[in-house]
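Chemist: Mind looking at a prediction? Sequence and model below.
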Amino acid sequence: MDFLIRRALPTEYEDLGTLTAHAYLDDGLLDYGETDPYLPVLKDVASRAAAAEVLVAVDGDHLLGGVTFVQGPGPVADIARPGEAEIRALAITRTARGRGAGEALVRACIDRARATEGCTTIVLSTQSSMHAAHRIYERLGFVRTPDRDWNPVPHLDDLTLLTYQLTL
């Protein structure tokens with residue numbers, strides 16, 4: 001592995017927010033592009049870091065990607081229930097894809113979930129078009145939980161998020 005996984009530094013929050021926003025925009029994952037209401041959430045790494053653990057993959061001083069690990073229900077969680085941790089906002093730069101940074105970030109979240117007292121499951125939400133992410137999740141043992149699929153914007157029928165879980 002030619003990169004390091006570690007906690008994001010406050011000085012990296014802005015760059016990670018930009019990286020995450022661009023990953024979602026460039027992959028066509030935001031229905032309204034630059035005016036999508038989710039874009040400010042993706043950019044706001046400081047708020048996620050205040051309530052959860054934000055991890056980054058770095059190669060020297062070059063940011064490759066990041067993810068948010070949420071220890072359980074709370075202000076940053078979307079679907080976590082008691083006893084569950086949640087993965088949010090996984091994003092890798094286009095130039096770093098295929099190097100294993102996404103998988104390494106997910107593995108780091110799994111390790112943190114296993115080290116969290118009382119945590120028995122890790123959950124996540126994903127869009128149906130995020131095929132590369134689905135392959136990572138399934139390779140690491142996550143299984144689909146269609147009964148937990150949900151829609152963050154109920155008036156948009158085509159925005160149902162798929163859910164996965166890993167029992168620890």
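Modeler: Thanks, I have it. Note that the structure is predicted; figures quoted are calculated from it, not measured.
Chemist: quick one, strands of the chain?
Modeler: In the chain, the strands defined using DSSP state E lie at 4-7, 53-59, 62-70, 84-92, 121-126, 143-144, 162-167.
Chemist: Neighbouring strands of the last one in the sheet, and parallel or not?
Modeler: Strand partners for strand 162-167, identified by DSSP bridges, are recorded as strand 121-126 (antiparallel), strand 143-144 (antiparallel).
Chemist: Including distance to Ser47, could those strands go into JSON lines?
Modeler: C-beta here means a position set from N, CA and C on the backbone, and glycine is covered the same way. Formatted as JSON lines, the strands paired with strand 162-167 follow (distance: least, CB to CB, whole Å):
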{"stretch": "strand 121-126", "distance to Ser47": "18"}
{"stretch": "strand 143-144", "distance to Ser47": "29"}
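Chemist: which one of the ones you listed is the most hemmed in?
Modeler: Among the strands paired with strand 162-167, strand 121-126 has the highest mean neighbour count (mean count of other CB atoms under 10 Å), at a mean of 22.
Chemist: Count the residues that sit near the residue nearest to Ala101 when sequence neighbours are not counted.
Modeler: Counting by CB to CB, 6 or more residues apart in numbering, Ala57 is the residue found nearest to Ala101 once chain neighbours are left out, at 3.9 Å. By the criterion of other CB atoms under 10 Å, Ala57 has 26 neighbours.
Chemist: beta partners for Ala57?
Modeler: According to DSSP bridges, beta-bridge pairing links Ala57 with Ile5, Gly65.
Chemist: mind listing what it touches?
Modeler: 3-5, 63-66, 92, 96, 101, 104-105 (CB atoms under 8 Å, 6 or more residues apart in numbering).
Chemist: What subset of the residues you listed is buried?
Modeler: For the contacts of Ala57, a burial check counting by 16 or more other CB atoms under 10 Å picks out 3, 5, 63-66, 92, 96, 101, 104-105.
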